[in-house]
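*Asks:* The amino acid sequence is not available; the structure is as follows:
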Ligand SMILES: O=C(O)C1=C[C@@H](OP(=O)(O)O)[C@@H](O)[C@H](O)C1
Ligand SMILES: C=C(OP(=O)(O)O)C(=O)O
């Protein structure tokens, strides 16, 4: 149980959020596939990103950690060893789906297990294309645990049936280890960190319109990666400052990759006062500062093509919509049903518990704005993002918000409450 009551406080000052989760996972994966010593700075120290580290250690890669710096010493993927036990993916969908794209092409058997939440999430989205490449995967009804018997694969041209960076990356990684040219077509853009990072390791990826392709058996070389701040973590503060009167906040050194900044774009359409200053590139990733001030908000429409660029921020957007002037429909977000919890239902339940006027749609939520939220008990369903959205609600509810479980926040943002206490100032 965690009680949160920030009514009457505003968000003020400067802060930095920890390293990006998606980029941290990929840096460990590509650093392990490459030969030599790769150093990663500002690595996200969270339960999910450590799952990826542990998995590659089990494949024989030497990975050393000193605070947020990781040193990876690898002989390259050709010398990975069969793990002596199952690889535990914990709660991490990204680890499970991306590593599957690697394991299918390696000459040994691996079993992937995960926690209850991960064992409920669909794996057919990666199993289908990987089996098309010739992979041998046994699953429980297309869910974890899965057992992979690695072997030589053949390249495919695959069109993503769902907008998913995890599926895109799994196929590209399998393609990287497979003779010939593997191509993936996406209907709408999804986060492109894998494609941006590969050239940092000397790899080549081609992009023509919506089609990405890789040639297999490329030689990857060690490098050094500096991970930008996580825009998904920064979004909690962007939202909180936008809806809490008298707030004025700067979040520094955040990744501003355009495939990830959809939340800022949507909030700006709602009239939010947000300015971004791009200060530099870290590798191929844009990095900058975000300045946010409280402002009056109005509803906007949500389009299918942009949803992937803020998919993890949708529960937060729903909370923001309770404070806008009018009715807002958040549509095209059925993918939320397949995250750590059914986030569509968990968000609906949370907003109802907080006294908002909200309707569950087939593919989203309809939210009446200008709600006076009332603190209540929130069931987080063990989902880190739901727990953090519930905490942010504590800035605008007139009574305490109580989370049944806040420990799940360690999955992506262990320093969330430290950051919260740093910037929440009683007025
Ligand atoms: O590739 C990634 O790092 C991620 C992709 C998204 O999932 P999908 O690919 O399932 O949309 C996102 O929800 C997840 O938090 C991280
Ligand atoms: C969906 C998420 O992560 P994953 O799919 O890696 O579990 C998330 O972090 O919100």
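*Replies:* Right, received. Where do you want to start? For clarity, every value in this text was computed on a predicted model and none was experimentally measured. Ligands and ions are numbered 1, 2, ... in the order given.
*Asks:* Just give the nearest non-adjacent residue to whatever residue of the stretch 201-350 of the chain ends up closest to ligand 2, would you?
*Replies:* Closest to ligand 2 within the stretch 201-350 of the chain is residue 312: 4.0 Å, counting by Cβ to the nearest ligand atom. All C-beta spots, glycine's among them, are computed from the backbone N, C-alpha and C. Counting by Cβ to Cβ, 6 or more residues apart in numbering, residue 312 lies nearest to residue 232, which is 4.9 Å off, once chain neighbours are set aside.
*Asks:* what do you get for residue 260?
*Replies:* That would be residue 231: by Cβ to Cβ, 6+ apart, it lies 4.8 Å from residue 260.
*Asks:* Ok, residue 374 next?
*Replies:* Nearest one to residue 374, counting by Cβ to Cβ, 6+ apart, is residue 355 at 4.2 Å.
*Asks:* For the residue of the chain found nearest ligand 2, list the residues it contacts.
*Replies:* The nearest approach of the chain to ligand 2 comes at residue 93, 2.7 Å away (Cβ to the nearest ligand atom). Counting by Cβ atoms under 8 Å, 6 or more residues apart in numbering, residue 93 makes contact with 118, 121, 166, 339-340.
*Asks:* can you tell me which of the residues you listed are in helices?
*Replies:* Judged by DSSP state H, the contacts of residue 93 include 118, 166 as members of helices.
*Asks:* The contacts of residue 93: which ones sit near ligand 2?
*Replies:* The overlap between the contacts of residue 93 and the neighbours of ligand 2 (Cβ under 6 Å from any ligand atom) comes to 339-340.
*Asks:* any idea which of the contacts of residue 93 is closest to residue 24?
*Replies:* residue 166 (14.5 Å; Cβ to Cβ).
*Asks:* Enumerate the residues of the chain near ligand 2.
*Replies:* 48, 92-94, 312, 339-340, 385, 412.
*Asks:* can we see that at 8 Å?
*Replies:* Contacts of the chain with ligand 2, taken as Cβ under 8 Å from any ligand atom, map to 21-22, 25, 48, 91-97, 118, 121, 166, 232, 311-312, 339-340, 383-385, 411-412.
*Asks:* hmm, back to that, separation between the residue nearest to residue 260 and ligand 1?
*Replies:* Residue 231 is 11 Å from ligand 1, where distance means Cβ to the nearest ligand atom, to the nearest Å.
*Asks:* separation between that residue and residue 39?
*Replies:* 23 Å (Cβ to Cβ, to the nearest Å).
*Asks:* between those two, who's got more neighbours?
*Replies:* residue 231 (27 against 17; other Cβ atoms under 10 Å).
*Asks:* How about the backbone phi and psi for the residue of the chain closest to ligand 2?
*Replies:* Residue 93 has phi and psi values of phi -60, psi -40 when expressed as degrees, to the nearest 10.
*Asks:* same check, this time on the one 5 residues further on
*Replies:* Dihedral angles phi and psi of residue 98 (degrees, to the nearest 10) take the values phi -70, psi -40.
*Asks:* confidence score at it?
*Replies:* Per-residue pLDDT puts residue 98 at 99.
*Asks:* Within range of ligand 1, give me the residues from the stretch 1-150 of the chain.
*Replies:* Proximity of the stretch 1-150 of the chain to ligand 1 (Cβ under 8 Å from any ligand atom) is limited to residues 21-22, 25-26, 93-94, 97-98, 125.
*Asks:* Tell me where the model's unsure across the chain.
*Replies:* Scanning the chain for pLDDT under 70 picks out nothing.
*Asks:* Residue 402 belongs to a helix, doesn't it?
*Replies:* No: under the criterion used here (DSSP: H, G, I helix; E, B strand; the rest coil), residue 402 is strand, not part of a helix.
*Asks:* check contacts around it.
*Replies:* With Cβ under 8 Å, 6+ apart, residue 402 has these contacts: 1-4, 375-378.
*Asks:* just residue 427 next, same as before
*Replies:* So, once contact is read as Cβ under 8 Å, 6+ apart, residue 427 ends up touching 8-10, 246.
*Asks:* Narrow the residues you listed to those that are buried.
*Replies:* 9-10 (16 or more other Cβ atoms under 10 Å).
*Asks:* Save the contacts of residue 427 as TSV, and put in secondary structure too.
*Replies:* Output for those, formatted as TSV (three-state DSSP):
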residue	secondary structure
8	coil
9	strand
10	strand
246	coil
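*Asks:* one step back: any chance of the contacts of residue 93 in TSV, plus neighbour count and distance to residue 426?
*Replies:* Converted to TSV, these look like this (neighbours: other Cβ atoms under 10 Å; distance: Cβ to Cβ, whole Å):
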residue	neighbour count	distance to residue 426
118	23	39
121	19	40
166	23	41
339	20	34
340	26	33
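*Asks:* That concludes my questions; thank you for your assistance.
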